[in-house]
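1. Provide a 3D model corresponding to the input given below.
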Amino acid sequence: MGALVGFGGLIPELITEAWKAVQANDFVKTRRLQSKIFPLAQAVYQIGQPSGEAHARLKEALKQRGIFSSSLMRPPVMPISDPERKPSPMP
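-> Residues are numbered from 1 along each chain as shown. All right, here's what the predicted structure looks like:
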């Protein structure tokens, strides 16, 4: 069982409990916890790989849990402007 760091922030109590169950070799409990964790991972990641859409879904889930106050995404970073592109004079 694994988790991405961001996803772990969504359900830290379940991830921590699952890790403790693994450490205790309590695989019955681990499977029970995984049955709760896996559907949430599927809801966030859907295709199995992190993507921009997955980040938006994760932020929405964090908002719904009351961890984030907003699920708004910021736009991609834009290229620098022409004035910024010009080299500054060397002293």
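2. so Thr30 sits against Glu17, correct?
-> No. Using C-beta atoms under 8 Å, Thr30 is not in contact with Glu17; the gap is 9.2 Å. Heads up, the C-betas are built off the backbone N, CA and C, glycines and all.
3. mind checking which of those two has more residues around it?
-> Between Thr30 and Glu17, counting by other C-beta atoms under 10 Å, Thr30 is the more crowded of the two (20 against 17).
4. from Ser70, how far off is the more buried one?
-> Thr30 sits at a distance of 34 Å from Ser70 (criterion: C-beta to C-beta, to the nearest Å).
5. any idea how far Phe68 is from Ala56?
-> When Phe68 is compared with Ala56 (using C-beta to C-beta), they lie 12 Å apart.
6. which stretches of the protein form helices?
-> 5-10, 12-23, 27-45, 52-64, 82-85 (DSSP state H).
7. could I get those as JSON lines with distance to Arg74 and mean pLDDT?
-> As requested, the helices of the chain are exported to JSON lines (distance: least, C-beta to C-beta, whole Å; pLDDT from 0 to 100):
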{"stretch": "helix 5-10", "distance to Arg74": "16", "mean pLDDT": "85"}
{"stretch": "helix 12-23", "distance to Arg74": "24", "mean pLDDT": "96"}
{"stretch": "helix 27-45", "distance to Arg74": "19", "mean pLDDT": "94"}
{"stretch": "helix 52-64", "distance to Arg74": "10", "mean pLDDT": "87"}
{"stretch": "helix 82-85", "distance to Arg74": "19", "mean pLDDT": "78"}
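8. for Pro76, find the nearest of the ones you listed.
-> Closest to Pro76 of the helices of the chain is helix 52-64 (C-beta to C-beta; 8.7 Å).
9. mind giving me the packing neighbours of that closest one?
-> helix 5-10, helix 27-45 (3 or more C-beta pairs under 8 Å, 6 or more residues apart in numbering; DSSP states H and E).
10. next, the angle from the last one to helix 52-64.
-> Direction vectors for helix 27-45 and helix 52-64, defined by axes from the mean of the first three to the mean of the last three C-alpha atoms, to 10 degrees, enclose an angle of 110 degrees.
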